[in-house]
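In: Dropping a prediction and its sequence here:
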Amino acid sequence: MKKKVNAVCAVLCGLLPVWGLLVLLARRSPDGVERWYSQGFYPVWARALITVTSPLPFSLAEVLVIGAALLAVWWLVSFARALWKGDRPRWGIARDYLLWGGGACSVVLTLFLLGGGFNYYRHTFTQMSGLAPVASPLEELESLCRELAADANALREGLPEDAAGVTLLAQSHQEMARTAAASYQRLMEDQPGWDYFQLSTRCLPKAVFFSEAMSYMEIVGVFFPYTDEANVNVHTTDFDIPFAACHELAHISGFMREDEANFLAYAACRASEDRFFRYSGALTAYIHAGNALYAKDPERWRSVAEGLSEGVRQDLEASSAYYQAHHTSFGEFSTKVNDTYLKVNSQPQGVATYGRMVDLLLAERRGR
């Protein structure tokens, strides 16, 4: 039995250089990735996974992550125990366990690439949509901030609030998930030519049970390519949740760049029939644009911020207090890991890519 397992693991390990070569080819051929994978194999693979995982009332991804962590601990303990017992030569024990570990890594890499990993090397949504981000004068950025602030102020009126005056998501998480999927349907109807989001309309984002743990890791959402699930942290400030759900749904449709996923989340929220979703999109877009304006000219930013309504201010203060309360050194480490992951997957600016959403907002506004 052990010989058969070792033989299978050896074959799996042999796939690692093959996948490495394919990734190198994918980096150099976005046309091929777009044609054969992003619009060929991936939609079929993802649709099959979504059909199985989306109806589940819980995040299968969360279960698998916990199970994988426990399995890794078992592997390490078993390896140490085998070495300690010394029933056979230690080099043989090390060879077997490393072979098994390499086989497991090969399976993980294979499923990652099949379930969305190659989408990092496809054409960008910027190319596909015709949006053309260019250098913009500061006045244009300030005007965008004022427009988003005005939208947020208007949409904030009449939304439900808690006892502290902070806005509340009145929907259940299941209703929120359906609204997020429907928002992408509306986006495709409102934007002729933007017909890339069929998978987003079929997938229901999942509320993560251990959401507060995600907050300590400074994560608001996760796309899990092994199950094609959009996982959302629902322990955050409520206005963060619709935007995070739409962001992860953009990944479901194969748009992996964080700046583009943020822009698409805003576009989907804006197209939504739900007022709270539109507010979530407007306020989150304002935060990104406002941060860019503050970095260039704090006085201009203060002038815009003074025009925010009391309700919007309360929501922003509640969000800031929440994340300050959940800021830890582990969260900083998690952010560094995410930064490295993005850089490895052709996003050289790492987590700074999230801020590049503003260029797309400006380009879209210029087009309007």
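Out: Looks like it arrived, so ask away. Numbering: from 1, shown residues only.

In: quick one: residue 206 from residue 66, how far?
Out: For residue 206, the distance to residue 66 equals 14 Å [C-beta to C-beta, to the nearest Å]. Any C-beta I mention is one placed from the backbone N, CA and C, and that applies to glycine too.

In: higher neighbour count, these two?
Out: Comparing residue 206 with residue 66 by other C-beta atoms under 10 Å, the one with more neighbours is residue 206, at 29 against 12.

In: got the contact list for the more buried one?
Out: Counting by C-beta atoms under 8 Å, 6 or more residues apart in numbering, residue 206 makes contact with 56, 58-59, 61-62, 177, 229-232.

In: and those, which of them are in strands?
Out: 229-232 (DSSP state E).

In: low-scoring pLDDT stretches of the stretch 251-368 of the chain, where are they?
Out: Within the stretch 251-368 of the chain, the stretches with pLDDT under 70 are 328-355.

In: ok, back up a step: of the contacts of residue 206 - the most surrounded one?
Out: residue 232 (31 neighbours).

In: how near is that one to residue 20?
Out: In terms of C-beta to C-beta, residue 232 sits 32 Å off from residue 20.

In: Let me see the contact set for residue 146.
Out: Contacts of residue 146 (C-beta under 8 Å, 6+ apart): 304, 307.

In: run the last query once more with 10 Å
Out: Applying C-beta atoms under 10 Å, 6 or more residues apart in numbering to residue 146 gives the contacts 286, 289, 293, 300, 303-304, 307.

In: I'd like to know which of these are buried.
Out: Neighbour counting with 16 or more other C-beta atoms under 10 Å marks 286, 289, 293, 300, 304 as buried within those.

In: Need the max-distance pair from these.
Out: 286 and 300 (13.9 Å; C-beta to C-beta).

In: Identify the contacts common to these two.
Out: Counting by C-beta under 10 Å, 6+ apart, the residues touching both residue 286 and residue 300 are 145-146, 293.

In: Make JSON lines out of those residues and add secondary structure and distance to residue 32.
Out: Formatted as JSON lines, the shared contacts of residue 286 and residue 300 follow (DSSP: H, G, I helix; E, B strand; the rest coil; distance: C-beta to C-beta, whole Å):
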{"residue": "145", "secondary structure": "helix", "distance to residue 32": "40"}
{"residue": "146", "secondary structure": "helix", "distance to residue 32": "43"}
{"residue": "293", "secondary structure": "helix", "distance to residue 32": "40"}
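
In: Which single one of the residues you listed is nearest to residue 184?
Out: residue 145 (26.0 Å).

In: neighbours of the closest one, just the number please.
Out: 28.

In: Report the contact partners of it.
Out: Counting by C-beta under 10 Å, 6+ apart, residue 145 touches 285-294, 300-301, 303-305, 307, 358, 361.

In: got it, and residue 286?
Out: Taking C-beta under 10 Å, 6+ apart as the test, what residue 286 contacts is 144-153, 266, 293, 304-305, 308, 312, 316, 361.

In: isn't residue 48 right next to residue 228, touching?
Out: Yes - using C-beta atoms under 10 Å, residue 48 makes contact with residue 228 at a distance of 8.7 Å.

In: the more surrounded of these two?
Out: Legend: neighbour count by other C-beta under 10 Å for residue 48 and residue 228, higher for residue 228 (27 against 11).

In: For the closest residue to the more buried one other than its chain neighbours, which three-state class applies?
Out: Counting by C-beta to C-beta, 6 or more residues apart in numbering, residue 228 lies nearest to residue 49, which is 4.0 Å off, once chain neighbours are set aside. Here residue 49 is recorded as helix under DSSP: H, G, I helix; E, B strand; the rest coil.

In: looking at it, residue 49 is touching residue 56, isn't it?
Out: No - counting by C-beta under 10 Å, residue 56 is not a contact partner of residue 49; they are 11.3 Å apart.

In: list residues touching both of these two?
Out: Common neighbours of residue 49 and residue 56, counting by C-beta under 10 Å, 6+ apart, are 227, 229.

In: ok, back up a step: looking at the ones in strands among the contacts of residue 206, which is nearest residue 202?
Out: For those, with residue 202 as the reference and C-beta to C-beta as the criterion, the closest is residue 230, at 11.1 Å.
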